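Enquirer: Everything below, folded, please.
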Amino acid sequence: MSNRKKWCFQIPLQPEFKMKTAYYIEKREFDQRRNKSCLYYQFKCNSISNTMLVIPDGCIDILFTCVQQAPYGKVCGSVLRSKEIQLTPGAEYFGVRFPLGGEALKWNCSMKEIVECEMPTKDILSLDDPAQQLANLPSFEGRIQQFQETIGPLFLNEDRCSSIVMNALYHIHLSKGNITINDLAQQSGFSTRYIRKQFEHAIGISPKLFSQIVRFQCSLSMFMNDKNYSIWDIIEESGYYDQAHLINEYKKFSYYSPKQLMDTVTKGESIGYIT
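Expert: I've put the predicted structure just below:
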């Protein structure tokens, strides 16, 4: 498969970014020249709750706290199980979310080190924190332009992952996570061991786990966005074996059953983990 084959990535959901914040706005972009997808977003942390649940999504976020007195940026790797992150009450945030593998990254650490970690941007760049540039801008569009022109190139290379990894990512997303490593090996002509090694080096997790996260996100999108789907429609469409399989995978990634997660998110309540 050519590296220039259109990237079929769908921006995953982080429901509480919309549900528990004020003035949430987002802009999804597909850059034809660089063949990449990304999501720009902005919100304000309200004074009632300064925590927010993040769920596994197979992405990296660069999140900037845009306060004049102490602007701050950090790179957030994808979590493998839901967790709460701390926000500054009353602060405005600007973020960029992009898929693992969609870009090659410029910092000197492995992708495994980024998964489930938060790293200050000033430590990664060894420069003044670029959050100050964004904090001084009053508009969402102005921050997007500033990131694209000056900040993004500090983090992201023009080069992409290898064709082997890109091929695996393409088919994982195309199948909504319902593909085995044996299928990927047959399509690519490489051994399962070689694909797994290349994938884990570039993405930080195994193809199997990444596929499960994609399937979880696809089913979550159906729960959140279309009230006409029954539970059985979602099970069939998402590729789960049965209801137990669906519930077990939700608890694996979010600690909650689908109903519990939907009730908690839509009511805007704080998450308390189930043991």
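Enquirer: quick one, what contacts residue 204?
Expert: Going by C-beta atoms under 8 Å, 6 or more residues apart in numbering, residue 204 touches 77, 78, 100, 110, 111, 112, 113, 114, 115. C-betas here are computed from N, CA, C, even on glycine.
Enquirer: swap the cut-off to 10 Å and go again
Expert: 58, 60, 77-78, 80, 100-101, 110-117, 210 (C-beta atoms under 10 Å, 6 or more residues apart in numbering).
Enquirer: where does the most centrally placed residue in the chain land on pLDDT?
Expert: The centroid of the chain falls nearest to residue 59 when counting by C-alpha atoms, centre = their mean (2.8 Å). Here the pLDDT value assigned to residue 59 is 90.
Enquirer: Surely it and residue 114 touch.
Expert: No - Residue 59 lies out of contact with residue 114 (C-beta atoms under 10 Å); the separation is 11.0 Å.
Enquirer: Now the common contact residues for the two.
Expert: 76, 77, 78, 100.
Enquirer: Give me the number of neighbouring residues for the residue nearest to residue 45 when sequence neighbours are not counted.
Expert: Sequence neighbours aside, residue 87 is the residue nearest to residue 45 in space, at 4.2 Å (criterion: C-beta to C-beta, 6 or more residues apart in numbering). Residue 87 has 20 neighbours, counted by other C-beta atoms under 10 Å.
Enquirer: Run through the residues that contact residue 87.
Expert: With contact taken as C-beta under 10 Å, 6+ apart, residue 87 is in contact with 20-21, 43-46, 49-52, 63, 65, 93.
Enquirer: quick one on the thing from earlier: among the contacts of residue 204, which has the minimum pLDDT value?
Expert: Lowest pLDDT within the contacts of residue 204 is found at residue 101 (71).
Enquirer: Could you report the distance from that one to residue 111?
Expert: 9 Å (C-beta to C-beta, to the nearest Å).
Enquirer: returning to what we had before: show me which of the contacts of residue 87 is closest to residue 140.
Expert: Within the contacts of residue 87, the smallest distance to residue 140 is 10.2 Å, found for residue 43 (C-beta to C-beta).
Enquirer: how about the strands of the chain, start to end?
Expert: Ranges of strands in the chain, per DSSP state E, are 22-31, 36-44, 51-54, 59-65, 72-76, 83-86, 92-99, 104-105, 118-120, 156-157.
Enquirer: want to throw these into TSV with distance to residue 257?
Expert: As requested, these are exported to TSV (distance: least, C-beta to C-beta, whole Å):
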stretch	distance to residue 257
strand 22-31	26
strand 36-44	27
strand 51-54	15
strand 59-65	24
strand 72-76	26
strand 83-86	18
strand 92-99	26
strand 104-105	35
strand 118-120	28
strand 156-157	37
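Enquirer: Wait, residue 168 touches residue 184, no?
Expert: Yes - counting by C-beta under 10 Å, residue 184 is a contact partner of residue 168 at 5.1 Å.
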